[in-house]
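Asks: build me a model:
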Amino acid sequence: MTERPTIRVQDPEALAALAHPLRGRLLSLLRADGPATASGLAERVGESSGVTSYHLRKLAEVGFVEEETDRGTKRERWWRAAHTATSWSPSDFLGDPEAHKASVSVRREWYRWQQRLLDQWMAEERDWEPEWVDVAASSDDMVVLTPAEAEALGTELWDTVQRFRERSVAAGRQAGVDGAERVVVLFHTVPIRGEWPL
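Replies: Coordinates of the predicted model:
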């Protein structure tokens, strides 16, 4: 399986930079849609280009984005994501209250984004073909696992998603062509104690 360029965050400062909600959105847009200018991103997120420029520079300072120096001008700089994925271990920051707070903030923003994505699907579902409506899936289950088994489960799920991603890339598949569309896969593995929060 091909390794995706991933930034492994171990610096609390980098994590704190990513905790800002707008920075997370900018990074996601650059990863999903490719290079863009601050003004182009500003239109998409409903901010001024000055605001998006500031936050892009902050992301660049900690290595999440980089300038595309071979295109654009001094007035209109192009930016790209430096990596296709971000990873970190939340347990690395348990001993540092501020860093742990940033870790929670980043994850909370990702969960909010996932909820917005699901809400958007519900709003648009009636406009999609029946075969897409039928395959859009949400499910849950509860299993009793050890930490090692939970890690193995997450790895296996991730590897399956990456296998399908690689097939799509190898086939040169494009959204909107030959019945293909972009599909977002969300999954969580979280332990719980006590009552199942319903």
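
Asks: in stretch 52-69, what counts as buried?
Replies: T52, S53, H55, L56, K58, L59, V62, F64, V65, E66 (16 or more other C-beta atoms under 10 Å). Glycine gets a C-beta too; all of them are placed from N, C-alpha and C.

Asks: mind putting those into JSON lines with secondary structure?
Replies: Below are those laid out as JSON lines (DSSP: H, G, I helix; E, B strand; the rest coil):
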{"residue": "T52", "secondary structure": "helix"}
{"residue": "S53", "secondary structure": "helix"}
{"residue": "H55", "secondary structure": "helix"}
{"residue": "L56", "secondary structure": "helix"}
{"residue": "K58", "secondary structure": "helix"}
{"residue": "L59", "secondary structure": "helix"}
{"residue": "V62", "secondary structure": "coil"}
{"residue": "F64", "secondary structure": "coil"}
{"residue": "V65", "secondary structure": "strand"}
{"residue": "E66", "secondary structure": "strand"}
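
Asks: and the residues you listed, which is closest to G95?
Replies: V62 (20.6 Å; C-beta to C-beta).

Asks: what's near enough to touch the nearest residue in space to that closest one that is not next to it in sequence?
Replies: Once flanking residues are discounted, V62 sits nearest to A14: 3.9 Å by C-beta to C-beta, 6 or more residues apart in numbering. Residues near A14 by C-beta atoms under 8 Å, 6 or more residues apart in numbering: V62, G63, F64.

Asks: where does the residue nearest to R77 when sequence neighbours are not counted land on pLDDT?
Replies: Nearest non-adjacent residue to R77, counting by C-beta to C-beta, 6+ apart: E67, 5.6 Å away. With respect to pLDDT, E67 scores 93.

Asks: again, but for the one 5 residues further on
Replies: Per-residue pLDDT puts G72 at 69.

Asks: secondary structure element for A123, which one?
Replies: helix 97-124 (DSSP states H and E).

Asks: what does whichever helix or strand comes after that helix contact?
Replies: Following helix 97-124 in sequence order, the next helix or strand is helix 130-135 (DSSP H and E). With C-beta under 8 Å, 6+ apart as the test, helix 130-135 has contacts from E125, E181.
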